[in-house]
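Q: Okay, sequence plus prediction incoming.
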Amino acid sequence: MNVLAIDIGTSSVRAMIFDSRGAAVEGLKSQEHCRLTTDPPGAATMDADEMVAVTAACIDIVLDAAGHEAANIVAVGCCTFWHSMVGVDRQGKAITPLYTWADTRAAEAAENLRDDLERGDDGRWTMDD
């Protein structure tokens with residue numbers, strides 16, 4: 001029994017197979033680098049379609065290397081970078097870049113919004129009158 005682990009980060013995507021003792025299976029890993037766009041200043045975005053393609057490539061490489069052992073995978077675990085967002089259309093197709101937690105272009109708008117809001121005793125935010 002094996003586990004396929006997928007780690008999607010801002011610098012690369014990694015996929016590995018671990019055995020039932022939690023040890024990495026020798027030779028069954030893949031790492032593909034990805035690009036973080038930082039232009040214009042304050043931007044920290046990624047191409048959503050490229051991220052899907054890079055992730056799929058990593059998985060394919062590991063499964064191909066595993067050969068018949070891939071049939072012994074009983075679970076898949078995945079972790080990703082935190083606080084990200086991508087807009088999608090009704091068919092699930094990305095229509096914006098993937099905005100990462102490091103994108104600071106909305107900082108001024110967030111400050112302006114906070115200035116227009118008031119926190120009540122219950123902790124909820126409401127608009128100032």
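A: Perfect, I can see it now.
Q: Verify the contact between Val86 and Pro97 for me.
A: Yes: counting by Cβ atoms under 8 Å, Val86 touches Pro97, with 7.2 Å between them. C-beta here means a position set from N, CA and C on the backbone, and glycine is covered the same way.
Q: Which pLDDT value belongs to the residue nearest to Ser84 when sequence neighbours are not counted?
A: Nearest in space to Ser84, with sequence neighbours left out and distances taken as Cβ to Cβ, 6 or more residues apart in numbering, is Thr100 at 5.2 Å. Confidence at Thr100, expressed as pLDDT, is 94.
Q: contacting residues for Thr100?
A: Thr10, Leu36, Ala44, Thr45, Met46, Phe81, His83, Ser84 (Cβ atoms under 8 Å, 6 or more residues apart in numbering).
Q: Among these, give me the pair with the biggest separation.
A: By the measure Cβ to Cβ, Leu36 and His83 form the most distant pair in the contacts of Thr100, at 14.2 Å.
Q: Which parts of this protein are helices?
A: For the chain, applying DSSP state H gives helices covering 48-66, 107-116.
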